[in-house]
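Colleague: Below: sequence and its predicted model.
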Amino acid sequence: MTGAASRKRALQFAIGTGGLAIIWQIASLFFPDFLFPSIPQIARRFLDIATTWSTQVDVLTTAARILAGLAGAFVLGVLLALVLNKSASLEAYLTPILILLQGIPALSWVVIAIIWFHGTEFRIFFIMLVTTLPAFTFQILDAVRSMSKDLFEMTVAFRPSRWTMFRVLVIPTVVPGILTAWKVNLGNASRVVVVAELVGATGGVGYELLRQQQLFDMTGALAWTLQLVVFVLVFQGIITAVEQWALRWRPRSERA
Amino acid sequence: MGVALAAALGTGVMVATSPQGPIAVTFDEVTKTFERSDSAGSLKAVDRLSFKVARGEIVAVLGKTGCGKSTVFNLIAGLAEPTAGRITVEGLDPFRQFAELRGKIGIVFQGDRLMPWRTAVANVLLGLEILGVDDRKAQEVARGWLAQLGLSGHENDYPHALSGGMRQRVAIARAFAVDPALMLCDEPFSALDEMTAQRLRAEFLRLVRETGRTALFITHSIDEALEVGDRIMVLHRPARIAFEADVGTKPTPERRAELRTRILDVMASEPPAPGAPSADL
């Protein structure tokens, strides 16, 4: 993206979110605080949470749970994708299972995890893993299969070792797919972790949201939600930066 | 051998001599069949093909589309296994002794097949990386080949920023960089405009001759085969030698014209492929 285009995108983002904030602020003038708290109230609470260590621990705990779940699902997804790519018969058996897993709602997994397991952290890790694993597996499998046959044969003709082949061809080929998979699954994981924490945890953003609901505190609910949104935006920004660096070779049309 | 086969096929055109000196490539009664997925039986792509290529010789393999040229190419490269017969490249079986031929075969494909995420110099470095050449030495070699092919100043350009001709030069540099004994080329200039193709062909020939390498050049163009080959082999489907002739390094225009006419006759005498449109359409 050119500098002018990214400035335009930032301006559009500012206008969109600014417009929403203005509408909210106007609504807060006509409705009670427990329905529409004012923007300054939300901002103050947000800053309180962000600058107080005890509350930041909850945010960081949720962030760590998201990243641990995603990392686990990613590693397992890569291994599964490589196995499925090698064996058509295993793919025939495992694909229906992965599709079945994809169809089970996150809340069902929460219930199953609570019944099956004792430890809170393991329950949440299990839920994150099982809800994001199918998407990671399918996306990485697609990325591996998108490898150019021409480039594969060209590289094979140099007679590389398996590891060299993996390093010089497979990894660069699957990187775009992996980054997309992380971006997509990050959003999914942040929604699932809140559900998991809401029901089965004693800390984290989901647990805090449950407390705000019990206190009927809309300001707190919004401030805690924004903490998670900021984490997702920051992490998405990091992935985008990595993507721009890793895919800097891609040609861009001047009209893009 | 090729002469005898041509005679057996009754083409009546036998102008070849057997290759002299040490042998780089041998095809001995090689057959390759493919099983078709639609249970329509097998498809024979190469039929008891025998020929030899001497070290330092440039052989042009000519044939119509679908005659099995690319299968021959894949067999020599070790990318496919013969169904019957024996192939050797520098005394080794290119399929079964695959890794042992590392760095001995340089390949230039029809398309440039550059890795889009690598710069020009990084593409040339690919084979050297696979060979485990020391980084500084590899950089020196890769940049040297790019310079020889007129690409100084473009080392750090990505393929998308280069023209088709420049990309093919990078592909040629990549093949030469590993210092192969055999250059294997599959219609490497067919996607380029005539002027660029002519210039690149001349550069390619100069480099092959200067370095005394063996080259097997697959093409469907008679003029290109006459320009490139010390020897020409014309294949009929399924790949078998229908005509073989020595061209020499500097054939006279009369000799060229004579060979051209003969090759045209041989190619025209090949029955059409099943399902191919008839000539009078």
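Modeller: Noted; the coordinates are in hand. Residues are numbered from 1 along each chain as shown, chains lettered A, B, ... in the order given.

Colleague: Flag every residue of the stretch 101-250 of chain B that's near chain A.
Modeller: Within the stretch 101-250 of chain B, the positions near chain A by CB under 8 Å from any CB of the partner chain are B:101-103, B:105, B:107, B:109, B:111, B:113, B:115-119, B:126-127, B:129-130, B:158, B:160-161, B:178. All C-beta spots, glycine's among them, are computed from the backbone N, C-alpha and C.

Colleague: Mark which of those are buried, thanks.
Modeller: B:101-103, B:105, B:107, B:109, B:111, B:113, B:115, B:117-119, B:126-127, B:129-130, B:158, B:178 (16 or more other CB atoms under 10 Å in any protein chain shown).

Colleague: and the gap between A:Leu11 and A:Leu226?
Modeller: According to CB to CB, to the nearest Å, A:Leu11 and A:Leu226 sit 22 Å apart.

Colleague: my bad, B:Arg201
Modeller: 65 Å.

Colleague: before we move on, what about A:Ser161?
Modeller: Taken as CB to CB, the span from A:Ser161 to A:Leu226 is 50 Å.

Colleague: Next to chain B in this structure, residues from the stretch 151-256 of chain A, please.
Modeller: So the stretch 151-256 of chain A meets chain B at A:151, A:153-161, A:164, A:168-169, A:172, A:247, A:249-251 (CB under 8 Å from any CB).

Colleague: residues near residue 167, how many?
Modeller: The chain I'm using is chain A. Close neighbours of A:Arg167, defined as other CB atoms under 10 Å in any protein chain shown, add up to 13.

Colleague: meant chain B actually
Modeller: So B:Arg167, with other CB under 10 Å, has 23 neighbours.

Colleague: One more: B:His220?
Modeller: By other CB under 10 Å, neighbour count at B:His220 equals 17.

Colleague: can you tell me the helix or strand for the residue positioned nearest the centre of chain A?
Modeller: The residue lying closest to the centre of chain A (CA atoms, centre = their mean) is A:Leu186, at 0.4 Å. Per DSSP states H and E: A:Leu186 is located in helix A:171-200.

Colleague: For that helix, name the packing helices and strands.
Modeller: helix A:53-86, helix A:106-116, helix A:120-145, helix A:205-215, helix A:218-246 (3 or more CB pairs under 8 Å, 6 or more residues apart in numbering or on different chains; DSSP states H and E).

Colleague: nearest to B:Arg174, of the ones you listed?
Modeller: helix A:218-246 (22.7 Å; CB to CB).

Colleague: chain center to that closest one: distance?
Modeller: Helix A:218-246 sits 9 Å away from the centroid of its parent chain (CA atoms, centre = their mean, to the nearest Å).

Colleague: Show me what counts as buried in it.
Modeller: Applying 16+ other CB under 10 Å to helix A:218-246 flags A:218-228, A:231-232, A:235, A:243 as buried.

Colleague: now swap in stretch A:68-82 and tell me
Modeller: Applying 16+ other CB under 10 Å to stretch A:68-82 flags A:68-70, A:72-74, A:76-78, A:80-82 as buried.

Colleague: same question, stretch A:23-35
Modeller: By 16+ other CB under 10 Å, the buried positions in stretch A:23-35 come out as A:Ser28.

Colleague: Local confidence estimate at residue 114?
Modeller: If you meant another chain, say so; for now it's chain A. Looking at A:Ile114, its pLDDT stands at 88.

Colleague: Actually, chain B is the one I wanted.
Modeller: B:Leu114 is given a pLDDT of 96.

Colleague: Find the residue closest to B:Gly150 in space, skipping its chain neighbours.
Modeller: B:Arg169 (6.8 Å; CB to CB, 6 or more residues apart in numbering or on different chains).

Colleague: can you tell me the helix or strand for the closest residue to A:Ser38 other than its chain neighbours?
Modeller: Sequence neighbours aside, A:Ser28 is the residue nearest to A:Ser38 in space, at 4.3 Å (criterion: CB to CB, 6+ apart). When secondary structure is defined using DSSP H and E, the element that contains A:Ser28 is helix A:3-30.
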